[in-house]
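Asker: After the sequence you'll find the predicted model.
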Amino acid sequence: MTAPEQNTGLLLFYPYRAMETRVLAALAEAGHEVTLAQARLLQRVARDGSRLTDLAAQAQVTKQTAGFLVDQLERRGYVERAPDPRDGRARLIRPAPRGLEAAALAAPVVAQVEAEWTAHLGAETMAALRAALVRLREITDPWA
């Protein structure tokens with residue numbers, strides 16, 4: 001019996017999960033204790049700040065869950081809350097120094113994984129894949 005053909009969404013997820021696993025392992029090795037849920041939210045925090053409701057929507061979690069994760073990340077020094085200069089009643093979540101440090105540690109891991117993918121697929125195929133995914137993002141990412 002042959003396995004059913006896998007849908008494109010799953011085929012996109014497998015390499016992402018592999019990269020995510022490598023990044024989290026590198027962060028843990030460097031002393032950063034970040035859970036998968038925290039990392040998925042943290043990577044969506046804009047450098048100049050994000051509103052909690054936007055983070056929740058982007059991470060596809062409830063506002064309460066996003067708030068819980070932000071509280072955890074804030075206690076660990078990865079994010080900080082600051083007044084929103086456009087709306088005095090609102091708060092922005094932005095990267096704190098420890099969050100910026102984690103991002104700096106993750107960047108070379110991401111580059112290494114992408115280099116491995118390029119070596120496996122070839123530069124032309126990797127460039128075509130990236131171009132196709134950038135185009136696909138136009139219709140799949142409302143925050144792009």
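Answerer: Nice, I can see it.
Asker: just checking, what packs against the helix or strand of the chain with the lowest mean pLDDT?
Answerer: In the chain, no helix or strand scores lower on mean pLDDT, DSSP states H and E than strand 87-95, which sits at a mean of 90. The contact analysis (3 or more CB pairs under 8 Å, 6 or more residues apart in numbering; DSSP states H and E) places strand 87-95 against helix 52-59, strand 79-84. From N, CA and C alone the C-beta is placed, and that goes for glycine too.
Asker: quick one: average confidence on the longest one?
Answerer: Helix 52-59 carries an average pLDDT of 93.
Asker: mind listing what's buried in the longest helix seen in the chain?
Answerer: Of all the elements of type helix in the chain, the one with the most residues (DSSP state H) is helix 97-121. Of the residues in helix 97-121, 98-99, 101-103, 105-106, 109, 113, 117-118 count as buried by neighbour count, 16 or more other CB atoms under 10 Å.
Asker: so which of the helices and strands packed on strand 87-95 gets nearest residue 93?
Answerer: Of all the helices and strands packed on strand 87-95, strand 79-84 sits nearest to residue 93, with 5.1 Å by CB to CB.
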